[in-house]
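1. I'll drop the sequence and a predicted model, then ask my questions.
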Amino acid sequence: MNVNLPDVLAEVIEQFARYEKALTGNDVAVLDELFWRSPHTLRYGLGENLYGFDEIAAFRLGRPAAGLDREVLRTSITTFGRDFATANIEFRRIGSERTGRQSQTWVRTPEGWRVVAAHVSQLAS
């Protein structure tokens, strides 16, 4: 298996950076673009379990648009072959001491790289 082929890794890093910018800037259109439009997509959040693209998109429209800035403490992106990748970060919301974690599974689709599964959690204080 080819792990972290330079061109594939660069593609995923670029899309992950777009995601992070869209997340902290509450750019819902880009966030929706980067999630796979499928009933099989899932996102487990801090207080919600979302199944399917429609639930994820509805959540994004209803969440607060303020207080989204965060400091990324550590990033780990790994690609496997040409069409599959994982992206994991540790983060801290600005003004908080709690550390959060985010993991994403990315797949190359005909439309481009898309998140097919995501998880966000925080460590206990």
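-> Looks like it came in fine. Numbering: from 1, shown residues only.
2. quick one: the residue nearest the centre of the chain from Gln15, how far?
-> Computing the C-alpha centroid of the chain and ranking residues by CA atoms, centre = their mean puts Gln104 first, at 5.0 Å. Per CB to CB, to the nearest Å, Gln104 is found 10 Å from Gln15. Placement of C-beta: from N, CA and C, glycine included.
3. please apply the same query to Asn2.
-> 19 Å.
4. between those two, which is the more surrounded one?
-> Gln15 (22 against 9; other CB atoms under 10 Å).
5. just the mean pLDDT for the helix or strand harbouring the more buried one, thanks.
-> Following DSSP states H and E, one finds Gln15 within helix 6-24. On average, the pLDDT along helix 6-24 is 97.
6. helix or strand right after it?
-> Toward the C-terminus from helix 6-24 - assigned by DSSP H and E - lies helix 28-34.
7. how about residues contacting the very next helix or strand once past that following helix?
-> Downstream of helix 28-34, the first helix or strand assigned by DSSP H and E is strand 42-44. Here strand 42-44 makes contact (CB atoms under 8 Å, 6 or more residues apart in numbering) with Phe35, Asn49, Leu50, Tyr51, Gly52, Ile56, Phe59, Ala117, Ala118, His119, Val120, Ser121.
8. if I look at the residue nearest to the fourth one when sequence neighbours are not counted, how far off is Gln104?
-> Looking back up the chat, that one is Tyr51. Nearest residue to Tyr51, sequence neighbours excluded (CB to CB, 6 or more residues apart in numbering): Leu42, at 5.4 Å. Using CB to CB, Leu42 is found at 11 Å from Gln104.
9. what is in contact with these two at once?
-> With CB under 8 Å, 6+ apart as the test, Leu42 and Gln104 both reach Ala117, Ala118.
10. where does this protein have low pLDDT?
-> Scanning the chain for pLDDT under 70 picks out 125.
11. about what we covered before: what pairs with the residue nearest to Tyr51 across the strands?
-> Here Leu42 sits in beta bridges with Tyr51, Ala117, as judged by DSSP bridges.
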